[in-house]
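what follows is a predicted structure for the sequence shown.
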Amino acid sequence: MPDREPTLEKPGQSQGRASCSSCHRVLIFSGDPPRFCGYCGSPLEPSDVLEDSDRTRTHAASAETIDYAQRPADEAAAFPERVACYRLIRRLGSGGMGTVFEAVEERQGVHVALKLIAPANLSSEEALQRFRQEGRMASAVTHPRCVFVLAVDEEEGLPYLAMELMPGTTLQSLVEEDGPLEPSDAILKVLDVVEGLAEFHKLGMIHRDVKPSNCFLDHEGRVKIGDFGLSKALEGGADLTRSGAFLGTPLYASPEQIKREPLDERTDVYSVAATLYFLLSGRPPVQARDAAEALARIVSEPAPSLRSLAPNVSRSLEAVIHKGLDRDRSRRWRNLKELHDALLPFVPERVDIGSIGLRIGAYAIDMALFYVAVGAAYAVTFLAHRGRFLETWAFNERHGRAIELIDLAVWLAYFTIAEGLFAASI
């Protein structure tokens, strides 16, 4: 299936492709080639534009695995064959901060994902601090919906992170290979992301770089959030920034992040909503020819209607997602819990033994409340006949049919009113 990448399509124009030399993703464009990568923001050179003969051979970086031994000599020379007790096997991907390899811990034979800082950044104290900050923050998160960090250390001045090795599939590559997801499947996967990020927020940190390519699928199809390179403490943390540079992925970044305003957890709420938008439509909420245009569109234009791209999405679900994408964060979901609760009604309920037991118990409580009300009605009738049991019995016998109809009407009214007003009975 062809790659579905961010584009600004114009009728009558043929599409071209460019391969980012920094993050190795393929961008599709119409008209003039982009000047920046829409994923990592790196400048694109004229040599990055692919000729027709190259296009059929190029794949997205999320699906790319290059044997370490087969990399070009100049790239292979930039990294050692071993780091501490880890032997590098193959490169899994590259980003602005460094490169991730599959490696094996030679003493125990355990395979890990080893992240090494890019050699060009070793001379930058700021880059080294950012890489170390990533290690400190990532190692503090031990939630099952987050990629585990196994070790954070340095070897002869080369800092590294040893992380849980995830299968090669991300939410980005899943949509690229299989197309947009059904709403229920997309929501379940995003709820996994929300669960992992919520733990991150509990520790007083925000991620700042949530995107489909940072959401990894495990062997059971559950999602784990990873890549904490831009994470930041909400209070008192070091705010490492590059002068005049935007840090993050433009296509999924919040407007306040682009405008370099003080951030809170609502910036991650925006990125989660943008990720869900991508899962349902197959494209990010903004389409642009380069990073500069993407940044401008995010801060000045609302996301296109999701239903115009994915008609199978209900209007109510669309409203939930677009509220998460609101450019004014005061109108956005205030936190991940609010977004989680808003998405939950769209997930098909899974019936298991535990939920069946809860349903039976809930029904028993409703029945008990109903018969307490019925008993109260009989008590009123008994008192109306001055405590004469036989007269009360005769009255109930004469009006038995009417009493049954009243009981049925009360029973129906109870569930109708309770479910209608509160979506649940007592």
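Alright, I've got the coordinates.

list the buried residues of the longest helix along the chain.
With secondary structure taken from DSSP state H, the chain has its longest helix at helix 353-384. Across helix 353-384, burial judged by 16 or more other C-beta atoms under 10 Å covers Asp366, Phe382. C-beta coordinates here come from the backbone N, C-alpha and C atoms, glycine included.

what packs against that helix?
Under the contact definition 3 or more C-beta pairs under 8 Å, 6 or more residues apart in numbering; DSSP states H and E, helix 353-384 sits against helix 389-398, helix 400-422.

quick check: which of those is nearest to Gly179?
Among those, helix 400-422 comes nearest to Gly179, with 36.2 Å by C-beta to C-beta.

ok, residues contacting the closest one?
Helix 400-422 has contacts (C-beta atoms under 8 Å, 6 or more residues apart in numbering) with Asp366, Phe370, Ala373, Val374, Asn396, Ala424, Ser425, Ile426.

between helix 400-422 and the longest helix of the chain, find me the angle.
Here the directions of helix 353-384 and helix 400-422 differ by 130 degrees (axes from the mean of the first three to the mean of the last three C-alpha atoms, to 10 degrees).

circling back: okay if I get the helices and strands packed on helix 353-384 as TSV plus mean pLDDT and mean neighbour count?
Below are the helices and strands packed on helix 353-384 laid out as TSV (pLDDT from 0 to 100; neighbours: other C-beta atoms under 10 Å):
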stretch	mean pLDDT	mean neighbour count
helix 389-398	80	12
helix 400-422	74	11
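
got a markdown table for these, with distance to Leu88 too?
A markdown table is the format used below for the helices and strands packed on helix 353-384 (distance: least, C-beta to C-beta, whole Å):
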| stretch | distance to Leu88 |
| --- | --- |
| helix 389-398 | 86 |
| helix 400-422 | 58 |
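
with Asp153 as the reference, name the closest of the ones you listed.
Ranking these by proximity to Asp153 (C-beta to C-beta) places helix 400-422 first, at 53.6 Å.

out of the helices and strands packed on helix 353-384, which comes closest to Phe79?
helix 400-422 (59.4 Å).

check the offset of the closest one from the chain's centre.
Helix 400-422 sits 43 Å away from the centroid of its parent chain (C-alpha atoms, centre = their mean, to the nearest Å).

may I have the secondary structure class of Met166?
The three-state label given to Met166 by DSSP: H, G, I helix; E, B strand; the rest coil is coil.

ignore what I typed, I meant Leu150.
Using three-state DSSP, the structure places Leu150 in strand.

begin at 48 from here
Done: numbering now begins at 48, and the last item shifts to Leu197.

skipping adjacent residues, who's closest to it in space?
Ala209 (4.5 Å; C-beta to C-beta, 6 or more residues apart in numbering).

partners of the helix or strand in which that neighbour is found, with directions?
In the assignment (DSSP states H and E), Ala209 maps to strand 205-211. Strand pairing for strand 205-211, using DSSP bridges, gives strand 157-164 (antiparallel), strand 196-202 (antiparallel).

list the buried residues of the helix or strand following that strand.
Using DSSP H and E, the helix or strand that follows strand 205-211 in sequence is helix 218-225. Under the neighbour-count criterion of 16+ other C-beta under 10 Å, helix 218-225 has Leu218, Gln219, Ser220, Leu221, Val222, Glu223 buried.

so which of those residues comes closest to Ile136?
Ser220 (20.1 Å).

look up how far Asp265 lies from the closest one.
From Ser220 across to Asp265, the span is 14 Å (C-beta to C-beta, to the nearest Å).

can you pull out the helices in the chain?
According to DSSP H, the helices that the chain contains are 99-102, 120-125, 172-186, 218-225, 230-249, 302-305, 313-328, 338-347, 353-356, 362-371, 383-390, 400-431, 436-445, 447-469.

OK, contacts around Pro351?
Neighbouring residues of Pro351 by C-beta under 8 Å, 6+ apart: Pro332.

would you mind measuring from it to Arg435?
As judged by C-beta to C-beta, Pro351 and Arg435 stand 75 Å apart.
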